[in-house]
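Colleague: sequence and predicted structure below; questions after.
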Amino acid sequence: MSDTTKKQSRQGSVISAEMVIIGDVVFQGNLVVEGSIDGSLTGDHVMLGAGGQLKGSIDVEKLECHGTLQGQITSSHLQLSSKAHVQGTIAANELETASGATLSGEIVVDRDCDVRNV
């Protein structure tokens with residue numbers, strides 16, 4: 001792997017605020033979402049910005065949310081900031097919720113179960 005490729009994989013990919021993706025997104029490494037995804041999202045680490053929106057089926061290792069999530073969310077580690085808005089079904093091994101975050105739906109947190117492989 002070249003030095004340029006290694007640097008890009010550490011930095012990850014960005015879906016900018018102007019972008020709307022309708023369909024399935026599969027990725028490795030880091031993904032920053034400032035725009036909108038309507039569909040399924042599968043991968044490693046996602047940072048959803050304050051203006052970002054994810055709607056659909058989300059299955060990621062780590063999800064840091066500052067925006068809006070709606071749908072079926074599965075994550076080994078889910079971190080919700082004070083600006084996060086989440087509606088749907090959540091399955092996580094670890095859940096961190098800051099004061100001010102809003103949650104609505106079914107929530108299952110189980111440290112002993114591999115929620116991503118159930």
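Modeller: Now that the structure is in, tell me what you want to look at.

Colleague: which residue is the nearest non-sequential neighbour of residue 99?
Modeller: Excluding the flanking residues, the one nearest residue 99 by Cβ to Cβ, 6 or more residues apart in numbering is residue 82, at 6.0 Å. The C-beta positions use only the backbone N, C-alpha and C, and glycine is treated the same way.

Colleague: host element of the one you found?
Modeller: Per DSSP states H and E, residue 82 falls between elements, in no helix or strand.

Colleague: neighbours of it, how many?
Modeller: 11 (other Cβ atoms under 10 Å).

Colleague: got it, and residue 37?
Modeller: Neighbourhood size, residue 37 [other Cβ under 10 Å]: 24.

Colleague: skip the chain neighbours and tell me the closest residue to it.
Modeller: Closest to residue 37 by Cβ to Cβ, 6+ apart is residue 21, at 4.8 Å.

Colleague: I'd like the next helix or strand past the helix or strand of the chain with the lowest mean pLDDT.
Modeller: Lowest by mean pLDDT, DSSP states H and E among the helices and strands of the chain is helix 3-11, with a mean of 45. Going down the chain from helix 3-11, the next helix or strand is strand 13-15, by DSSP H and E.
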